[in-house]
Every structure is written in structure tokens, then in C-alpha cells.
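> structure for the following, please:
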Amino acid sequence: MRTKYLALKLLLTLSLLFSLFFGLIEPTMVQAASAGVGGVNGSTGGATSGTAAGDFQTSDKVAVLGVGFISNPDGILSEVASVEDLEDPFKFSHELEKTMLYISPNKEFDTLFRKSGSGLLGYTTADGVITLYGNNPLYSDSTALSSHDALMVKTLEYADKAQDSKNYFEQVIGKALVSIDPNDPSRNLGGTGGIPVGSTLKKILEQYIVKNGKPDIDSQINQSMILQGYLNLIKERGILKGDEFTNFESQLHSAFKANKLTLLFHTVVGISVKDNRAYTSRDFGFIPSHDAVTWYLDIQKAAKPSDKKIQGLSANREAEAVTHGGASTTAMGAYSPYLENGNLPFSFRTYMRDNYAKTLKPVTTEVGLSGDISVNPFGGWGMQKWSDGKYGNTPAIEAEVHVTVVDKNDKPTGETFTEPVRGWSEQNKNLLGSLNNWIITDGMIVDHGGKSYEIMPDDAARFSLVDKKDSENLNKEKLTIAGAGKDGFISLPTNGANQWEIELGYDAPSPLDLNKYLGGDGVSSVENKYAKSGEASNAKLTLFVKAKEDIPGEPISSSFEVPQWMLSEYWANISPNGSNKSKFSLSLPIQTFDNPRLSPSGMQTFSLVDPASTPWGKSRAKLFNDVPNKDISVYSTSAFFKEAGDLLAVKDNNTVLNTKLAEWVNPFKLFDGKIGTANQGTVEDKSVVKKSSIFSYGVKALSSIYTYSETRWRTSCGENGCSSYPYTWSGAASQSTSTADYGVTVQFKHYTPKDSSVTKKFEPTSGSTNGLYWQTKQFQDSFSVFPEVLMGYADASGNTSVAFTVGEKARAIQPVSYNQAKFINIEVEPTVMGMSTATDSAAKALATRLNSDKDVLYKGSATTNNFEVKGNLEIKNFVLDIGNSALKNSWNPSLQYSTDAINDSYLAEYATKNPETGKWQVTFDADGKFVINGKDFGGQSSKQTVDQMPTTVKYHSLEVRGGKLVGVNGSRDLSSLSQELKDALTRMHISTDDNVFSTFELGGGDKLTEAKIASLAAAVRGSNDIAVGKGWYSEDTTVLVVREYVTLFPIPGFQYADKIPLELTPDLATPIDKNKFFSVGAPLFTKFHLRAGNAEMTADSSTGQGGVKNLPQAIVSNTSVLDTFGTVQ
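Below you'll find the predicted structure:
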């Protein structure tokens, strides 16, 4: 049915256009009342052509037509207007000129009008010639009130092109001008060829506006379409904008309905400065003929102040003024007032009198169409009354919405009601015969009884269209009495908009057809149901909808859980099981709903309003499956938003748990201080803390003020009685919002660590090798640390990180200290000087045989033995401690544990402290021996005392994770440590599985379920002991250090006297045969032994151990000092 109605509508429009544009006929004599405009042929001959160069020249051709609608509030311009009425100059106000449009009868004049050097001029007695638009070629120093571009906006296509325009107004005027002479493209307004322009305008008006002197329904349609075309040009070209256009449009429509609207025509004459060029090469000043007559007459009055006839003329009677006002001669152009006015009367008066004042004239029943100025003293303009009239029966249409209320499950509640569609109630009097708006529309919210109801979407919403008198269904494909109607269907809402619409002529029969069928006038193809009775009826349209009462939704409940291992948790959607709607509403101060407007209006972007934060929860508003852009208009004053938000739940220190960050590891606060820092933990004996709150999400319009306007009516009373007139009323629309609410409960889970176990006990150990002694001791004193506990946290963007919190319970550590005394960098240079040295050849041969360059000594020879020694006794003490003294004192306020004291206790095992100097002194027990053939001989001992060198202290920072050492000095590659440090850490039970950190808890709490936390923990801690599927709780510490005390004592040298034994049997027994003296010998080595406490070393040159070379110090022969027959030195 929609297609059928649309086709009928198009056929109607086309038939009207065809009859208008192709039904022009030759002029016929009609009553003057039939049209308000006319024209007679201009005179020929007698035209002045001798205009002097430099004077202003007018021709009998160059002119364009000005045309536009004006309001005629006092009804002066009517079909019965008198001469006195037509003299009223209000219609020529320059203020009214703003909405006049200009059109040329041919291309040549259009070109002259559009030239950049041309312009539109005006004239007033007070101001003289005024440049209204563009340029003024008559007075080049004149300043224009508006630009040339602004004039071009008001200029239509010339007649030949305008007749093909898609704009109805432009088409009609173009056709009228072409009709002056359809075969002559050079047609003009001066009446020098073809039909006078007033006559062609008269034809159109008589054919389609006032048929046979009486308007009918078709003329109303034509008038409405032409008026709308004119308004479209004003708006589309930007001649008027915004409220200025809106007010103008409202003014014309109101005047139209009140029979006080007039279409005004006037001839705009082109004037140029005479030169030796053709007129087509000049720039023109175009001036409305009435203004030009005023200018002309003022010149003549100034030139002839004593001429009573001229002084008595009025420019408001244009034809009479130029007929009796006289002309000027060429010679007069040299004198004032003609000189300064370009001798205008010389050429203007003739062409205005003989041409322009005749070809276009106003016509009424009182002022007939005639070239005789005694009958019609006017010229250069014409007019036509424009009104919708009141003709015969006037059927109207009203519309309502029938609402069936449903519950949240779309089940009817039993409540129904009807509400009129805004602007379509019975009081609005929407007459079918003059209906401008064929679309019945409203929003998806209907108000009733102080409540709001949201219309539910429906792909096939039913509507009925009935005769109010007998309820006949009028929704017929063809409106005949015998035809049967059926209800129509539309989609709710329409095309995704937030409103619905039913278009008459598309979804239902057209208003014109309904008007005729229900007893009004109209096209003949439709039956008149009430033709016999002469009565009429009205139509009623009812749209049937389902709607839900707009009740604020109950808060949707949601529950969340923050695991033990998280300080905070983030969820992207606070309500995963559904969402509530927030709402924005405008309350319009409606009174008439006539031409309703809202500013701002259309698609608008709303901002979201976050809910108030709680100490433990923060949320940001979000839309789910929705957009922030909503259409707000007079038909759609509410907008709904599927709004919720995200949620960041935080174990706030003040309201949830007192879990804080370890300030020595993470010296920062989280979530604006909601989670702070501390250097000690506080026991929280809670497994779950439960918090609940309501989170409310809202919206806010970007505009703080919405202005509603509509056409209202005022009554004005005067001497002649009272009359009503329209005006635009504006007022603020009140805004209101409602929130989408959610009841949120969060359970914050918490793990309370176990109590500390008894500290691990370790037995003392010790060991020694040549030059090294070590020992371990576990002292009775212990100290406590608050462990670091890794926990995760999520930020407001859902990113997960980890931080270390301070453990709730302190963990005791009973350290094992490690001491070693080591002789280091030892270099021993032993020498033996014998008192009896053999020098004969046999002795030398013995040395050679033994590959030695050492002296050969006799047995029993006295010797001086000396050990030159380089090196130190290094005493190192490794002691476990808390590296941060502030934390140590805070955690152990009465602690007696001192690493310095432990160091001193170890040093006391090797040295004594000099009370005078405060330095430690070591007294070494030193002794030396001979080593001959692997046996020790002789030997002397002595005590040697030395002072310490300055003690140094090194620090080795420890990284302990879950009670296991994973890093030292920032490196987690424990294999790269020095062997000495490895030994110390092992013997101190720090790096071993069985260690002093046995009180630390590992693997407690709930099983970890988040791989992200496990991955971050492994990266940060260097350990994989926190893993998915295992208890998450692990105690770490990074505050422990091993202090390595290093004290050096220089090794003293040792010198003493000794004697080589006489008896060195059996290897070196003295031979009986003296010839065998020096036949046997042995290398003589030395052995140097040094001891300090449990530390001792031996430098044995026979083995090369202990920092001494494996070289003999002398050769011992088998000959003694008692066998002194040889040479002895």
C-alpha cells in the first residue's frame, strides 16, 4: 500500500506542474480582482538617445526583476486595496529587500548584473544613493553595505535556465519571464517586444493561484509549494541563517495562514555612466524603480523649488511622478542639482514613463490595469495576495498512541491508556486540505499520568486510520465508499532513529485524498463520502504500541573475590551477568507544539559520569554494546545508555587489611596511598574481609542549556479591534538524569602466616691444612627479620604487577659464624752459612755430581741459619648480619648481637690486644730444622711478636627466597663465587639446604591459580618455588649481609745458630778409607715452622711446600770437621 500511495502523491504533483508550465494561454479579460499584477505595452518613439558622455544613462531594456514574499500585517496589499493603500511605501523598505531575489529575462542582462563592477543601489531622501551590494559605478567612492558575493547569492539563474530549475519558485518565475517572448532570447522588461512582464505574471496567477477569481484547494497546493520553494532558496543559499531564518519562516507561514502574505514584484532598472563604449562593456548600478523615481523626483524638486505641480508630486505614485515631473536637457547636466546626479532625469524619466511604469503595475478591484495615470498612477511594481484561505469544509486529522503496558518479561500488566501525539491533537487543528507536514512522528517515550513509558521496538506495529464519525477504516488503496480498508504496519523505531513516523501518502492515503473523501474539496478522482449531506468528518490515526514503565532498575548484584596473593584485582565489567540503563531526559515547556525546535538538537555525544569511589573500590563508567552518541530532538527527549563500569578492588589499609609494602624494597605507595609502606608487619588474624557498596553510573550532556522554542500567538487590540499574530517563544528545557546502579560485594581473602619454628642448631666444626685453619661457631644470640612477601596487584587498566609486602610475623635467625686463619702470599728464602766449608777438588767434584752450586759442608760444622719471609697471616671472620642498621634496631630493639664482638672473639684466639695502642698483636712460635735425606736434624725455636695491619670489612649482600639462598652481591650465579666465599657460605649453613633460615615459611596459603603471577615471581625472585598449583605464600629477605672481617699480620723472619750433626749414619758415615772422603754427600734442606694459635705453617725446602723453593741450601759430605787434613775455610 505504501508504494500505491507514493505513486498517487507523485502523480498529483506532476499534474500540477504540467498544468502550470504548459498551460499558458493568451491574455484574456478577467476581473481585476483575479490577479494583483498586470502590465500594458510600453510606448515607442520619443526616446532620448543623446545622453552626454559622463552622464548617467538609462535604457529601455536593461532591467531585471526583483521578487520576494513579504508579510502584509495590516492587510493593505489586498485585492480590494485603494489608491491610498497602494501608496503606502512600507513594501519598499530596504530591510524587506534583504529577502528579495533577482532574476534576468535574458543571458545578456544576467551577465551585466553579475559583473564584478556592478552592484545593487538604493535611494532615500535622507541618505541619497546607497550602495546596498557590490560596487557603485555611478559613485565609485561609495561604500557598500554588503559584498558583491552576497548579491550573487540572491541572484537566480536567468529565465531560460530558471524554467528548468528543480526549485518550484524559481521555475514559476523563470517560466513567466520566458513567456514575455519564448522565441526571443533577448526578451526584456521594457515592453519593447513580446508581452509585458506584468501580463505574463498575471497569466500564471490567474491560471494557478486565483482561478476564475476564486481560489480552490488546488490553488492552495500551488501556493504552498511556491512559498516552500522560495523559503528553500532563502535557507539553502544562506541568505538568512539560524534563528533569523527560523523567525522569518515562522513569520511567513503565520502570515500565509492569516491571509496576510504578499508576493511582491518590482522592476530593477540598470543605470550606467555614458562613455564611448557599447553598453555591454559598462558596469551597471541596478536600482529598484521606486527608489529610482524617488531619486529622480528629489532632483526635480531641488531644481524647481517654486514649481508647485512638481513639489506636489509623490514618488509613491511612480507613473504619475515621471509623467508630470518633467525632464532635463543635455545642457542642464552642467549645473546643480543635475551635475552631481549625473543628469539622471535626462534619460531616466523617458524610459521610466514610457516603459517600466507601464509593463509592471499593481492591480486591485479599486485600481484597474491601465496605462492612464488617472486610473492607475503606479508603475514598476506589482503584487499578489498569498493565502491558504478558508474554502468549504475543512476535514482535519488527529493522531494518538494506544499503549499496552507490559512488565519486564514483556507480559501485559492489564493497564492500557491513550495519549495524543504531540502536535497532532484535536486542538492542533491539522486541516487535511492545507497540511504542510505529511509525516506524523513522535519519540519512543510516552508520558502519562506523571509517569514515563518506554515504547518497545516492534517490526510490525499496527496503526488504524478511521473516520471519527462512523469509525470506517480509511486505510484503503483507493478511497471509495465501496472499498474496504485495513490497518497498516510500521517498524518501531524508524530506521534506527529514536522515534517513529507514519507518512501520509506513503504509509496511508494522502491528506488531499482524505480531505476530499471526508467532505472537503480536492481532486476529482476521489469520492466525496459526504457529498450528499454536505457535511464533513475528521480522520483519526491510532498507533498501537507496547511500553514499559520507566522504573529505575533495581541494582544488579555482583560478587567478586580478591585472592590471598593479590593486593588488588581488576575486572573489566562490574556486572558480567547484565547491565542496567542510565538515562538522560529533557522536559520541554510545551504549550502549542507548533513548529517546535530544540537547540542544540540532533546527534549528540554524552560524557559518562563515574560512580563515587569507596576506600576499597574504584570504578570508571563504560558503555556495553552501546554508544555515547544519541539523537536528542523535540521528538526524542530521552536517551538510555547501557552503562556499567570496570572495578578495581583494593586491600585498603584503613578499611580492609593492614597489608603494607616493605618500605626497604618498594619505597612507594599504591593507589594514592590506599596501600602504604611499613618496616614491620602487623598480624591480621582474618581469613576473609567482606565489603559491599552500591556503584551508580550516570551521564552528562555536553550542553548545559537546551532551548526549546515553538510558535505561539499573541493578541493585539487597537482602535479597529483585536487580532492575533504569531511569535516565536523560547525557554529552557529542564534536564534530569538517572543512574544505572549495581550492588557489588567483594571478598578480600587473606592468609595469616604460621608461627615461627625453633631456630636450627648446628654443632661447631673446624679443619686445618698447611697454612690454613678454619672453624665455625653458632653463638647463643639470634636476631629477627621481617620477611618480604611477594604479592601481585592489578592497576586501573588491568595490568598485573608484583610488589613485596612486609611479612606479618618476624622470623628469628641464629647465625653460624665462620673463622679462618690463613698464611697468604708466603715467600720464604732460607740460607745456611757453614763455619767449615770444604774447598778441595774432591768436594767440588761432589757438588758437581749433585748438580749443585752450593757449598759443601763438613759434618759437625757450625751454621748460621736465616729465613727471610714475605707474606701475612690473614685472619678472616665471616659473620651474618642485617645490613640496614635502622631495620636491625627496629626489629631487634634489645639485641646484644654484634658482629664486631664476634670478630674480636675470634681474633683473641690468635692475638692479644695491646692496651696502649689498641692494636692486636700476634706472637708467632717459630722454629727451624735441617732436613737431610728426609730426616729432621737440629733445630731452634723462638717467639716473634708482630702488630696487626688495619682491619678491613667487606659486605656480601644475600638474596634469600623462601628460605633458600639464590643470590649474592646481585648475582644469582652462585657457581661464580670465589671458592673461599663458597666455603664460608656452606660452613655458615647459608647456602645449604639445611640452613639457618628454617624459620622462613614456604608454600603456605591457597594454591596459586594465576600463571602470570608465577611468571612475574620467577623473574623478580630468581626462583621457581612460587608456581601454579602450589601454595603461593613464600617468605624472602634481601636485607641480610655477610660481613667479612679481614685482619693481616706480617710474617716475621727467623735467624738462629745451629750445627750439622756429626753422626749422620748410615747414609753419610765417615769412611775409613780417606780416599773416599767427599765421595758421598747429600743435599741439606731446611724446614721453617710457624704457629699462631691453631694456625700454623711449614716451609720445607725439601718438598718445596709452604712458600719455599725446592732447592737445597748446602751439601753435607761424608767427611766431618774431625777429619781436618783437607782445606777448611
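> quick check: phi and psi at the closest residue to K1059 other than its chain neighbours.
Spatially, and ignoring its direct neighbours in sequence, K1059 is nearest to A862 (5.1 Å; CB to CB, 6 or more residues apart in numbering). Placement of C-beta: from N, CA and C, glycine included. Here is the backbone geometry of A862 (degrees, to the nearest 10): phi -70, psi 150.
> wait, D1025 sits on G963?
No. Using CB atoms under 8 Å as the test, D1025 is too far from G963 to be in contact (9.2 Å).
> what residues do these two have in common as contacts?
Common neighbours of D1025 and G963, using CB atoms under 8 Å, 6 or more residues apart in numbering, are L1002.
> what is the burial count for the closest residue in space to S71 that isn't next to it in sequence?
Among residues not flanking S71 along the chain, A255 sits closest, at 4.4 Å (CB to CB, 6+ apart). If you count neighbours by other CB atoms under 10 Å, A255 ends up with 22.
> for A255, give its distance to G433.
19 Å (CB to CB, to the nearest Å).
> and S347, by the same measure?
Using CB to CB, we find S347 at a distance of 51 Å from G433.
> what's the answer for S1102, then?
141 Å.
> who has more neighbours out of the two?
The residue with more neighbours, out of S1102 and G433, is G433; 26 against 21, by other CB under 10 Å.
> and the pLDDT at that one?
As predicted, G433 sits at a pLDDT of 76.
> S558 now?
96.
> show me what the helix or strand where it lies is packed against.
Counting by DSSP states H and E, the secondary-structure element that holds S558 is strand 556-562. Judged by 3 or more CB pairs under 8 Å, 6 or more residues apart in numbering; DSSP states H and E, the packing partners of strand 556-562 are strand 568-571, strand 647-650, strand 740-749.
> how close does the residue nearest to N889 when sequence neighbours are not counted get to I813?
Leaving aside its sequence neighbours, N889 sits nearest to L895 (CB to CB, 6+ apart; 7.8 Å). Going from L895 to I813 by CB to CB gives 11 Å.
> these two: who's more crowded?
Set side by side, L895 and I813 show more neighbours around I813, with 26 against 14, by other CB under 10 Å.
> my guess is that one contacts I990, does it?
No. Judged on CB under 8 Å, I813 makes no contact with I990 at a distance of 10.0 Å.
> tally of neighbours for I234?
Other residues within reach of I234 by the criterion other CB under 10 Å amount to 24.
> show me what secondary structure element comes after the helix or strand in which it is found.
Using DSSP H and E, I234 sits within helix 217-236. Per DSSP H and E, the first helix or strand lying C-terminal to helix 217-236 is helix 242-257.
> what is that following helix packed up against?
Counting by 3+ CB pairs under 8 Å, 6+ apart, helix 242-257 packs on strand 56-71, helix 217-236, strand 706-718, strand 721-738.
> next, the buried residues of the last one.
What that stands for is strand 721-738. P726, T728, W729, A733, Q735, T737, S738 (16 or more other CB atoms under 10 Å).
> okay, and the beta partners of the fifth one?
In other words, Q735. L586 (DSSP bridges).
> that one against L588, yeah?
No. The pair Q735 / L588 is not scored as a contact, 11.0 Å apart, by CB under 8 Å.
> not counting sequence-adjacent ones, nearest residue to K486?
The nearest residue in space to K486 (CB to CB, 6+ apart) is N475, at 6.1 Å.
> can you pull the contacts of the one you found?
Contacts of N475 by CB under 8 Å, 6+ apart are M1, S464, L465, G485, K486, D487, G488, A508, P509.
> low-scoring pLDDT stretches of the stretch 501-650 of the chain, where are they?
521-525 (pLDDT under 70).
> repeat that for 90
For the stretch 501-650 of the chain, residues meeting the criterion pLDDT under 90 lie at 511-513, 515-516, 520-527, 531-535, 549-554, 577-578, 592-595, 613, 636.
> which residues in it form helices?
Along the stretch 501-650 of the chain, counting by DSSP state H, counting those that start in this stretch, helices occupy 511-517.
> and the contacts of N475, which of them are buried?
Buried residues within the contacts of N475, counting neighbours by 16+ other CB under 10 Å: M1, S464, L465, G485, G488, A508, P509.
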